[in-house]
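Asker: Sequence and predicted structure, then a few things I'm wondering about:
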Amino acid sequence: MNKAETLKEIIEKRRSIFPKDYSDREISREILDEILNSATFAPNHKRTRPWRFKIFKGEEKMKLASEMQAIYKSTQPEQLFLEKKYNDIGFKINKADVVVSIVVNFSAMVPEWEEIAATSMAVQNMYLTCTANNIGCYWSSPKIVDHLKESLTIGENQKCLGLFYMGAI
């Protein structure tokens, strides 16, 4: 198979695969590094490299799950609170082997939309690399990520665009 055919196959196979379908197998450090490294090849105007990723694994990931559940519980009016949604937040994070926060850093050198687009392309590279390595993944952008500024150490010129869940399939 030539490179164009291989690329076409990977693009066509790319799908969001959710944590309920992940196995318990760990993603190797080499594959995780490859996935994150692929993001750095995304085009970005004036080489601002606006993407910022924070990896959550193990205990840090469990803390993230608890924190997001607590945020959901504290920000939902009692009549809108759903126990199932509360439990799903913890389940998704804990079932994923790795959760990566997706943060855009606005440099003020280019329009903000360009840096959001560049960050999105970086995530697409991650999606494609996951697909090539038989890793399930999906990008989620729940409203509660706006409350994670401290956990994600987000600066004034940054915005969290969501979380990228990964797990072996």
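Answerer: All right, it came through fine. Numbers count the residues shown, from 1 in each chain.

Asker: contacts, neighbours, all on C-alpha from now
Answerer: OK.

Asker: Show me what the helix ranked longest in the chain is in contact with.
Answerer: Looking across the chain with DSSP state H, the single longest helix is helix 112-132. The contact list for helix 112-132 (C-alpha atoms under 8 Å, 6 or more residues apart in numbering) reads 10-11, 13-15, 34-36, 38-45, 48-51, 102-106, 136-138.

Asker: Torsion angles phi and psi at the residue nearest to the spatial centre of the chain?
Answerer: Among the residues of the chain, the one closest to the centroid is residue 164, at 1.6 Å (C-alpha atoms, centre = their mean). When quoted as degrees, to the nearest 10, the phi and psi of residue 164 stand at phi -110, psi 110.

Asker: same check, this time on residue 2
Answerer: phi -80, psi 170.

Asker: ok, it to residue 34 distance?
Answerer: Spatial separation of residue 2 from residue 34 under the definition C-alpha to C-alpha, to the nearest Å is 21 Å.

Asker: How about the secondary structure of residue 24?
Answerer: Using DSSP: H, G, I helix; E, B strand; the rest coil, the secondary structure recorded for residue 24 is coil.

Asker: Hmm, it is touching residue 168, no?
Answerer: Yes - at 7.2 Å, residue 24 counts as touching residue 168 under the criterion of C-alpha atoms under 8 Å.

Asker: the more surrounded of these two?
Answerer: More neighbours surround residue 168 than the other of residue 24 and residue 168, with 21 against 12 (other C-alpha atoms under 10 Å).

Asker: Make sure that one is actually in contact with residue 25.
Answerer: Yes - using C-alpha under 8 Å, residue 168 is in contact with residue 25, at 5.8 Å.

Asker: what sits in contact with each of the two?
Answerer: Both residue 168 and residue 25 are contacted by residue 97, under the criterion C-alpha under 8 Å, 6+ apart.

Asker: would you list every one of the strands in this structure?
Answerer: 51-56, 98-105, 135-140, 158-168 (DSSP state E).

Asker: need the ones you listed in JSON lines with mean pLDDT and distance to residue 80, can you?
Answerer: Formatted as JSON lines, the strands of the chain follow (pLDDT from 0 to 100; distance: least, C-alpha to C-alpha, whole Å):
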{"stretch": "strand 51-56", "mean pLDDT": "97", "distance to residue 80": "29"}
{"stretch": "strand 98-105", "mean pLDDT": "97", "distance to residue 80": "26"}
{"stretch": "strand 135-140", "mean pLDDT": "98", "distance to residue 80": "21"}
{"stretch": "strand 158-168", "mean pLDDT": "97", "distance to residue 80": "22"}
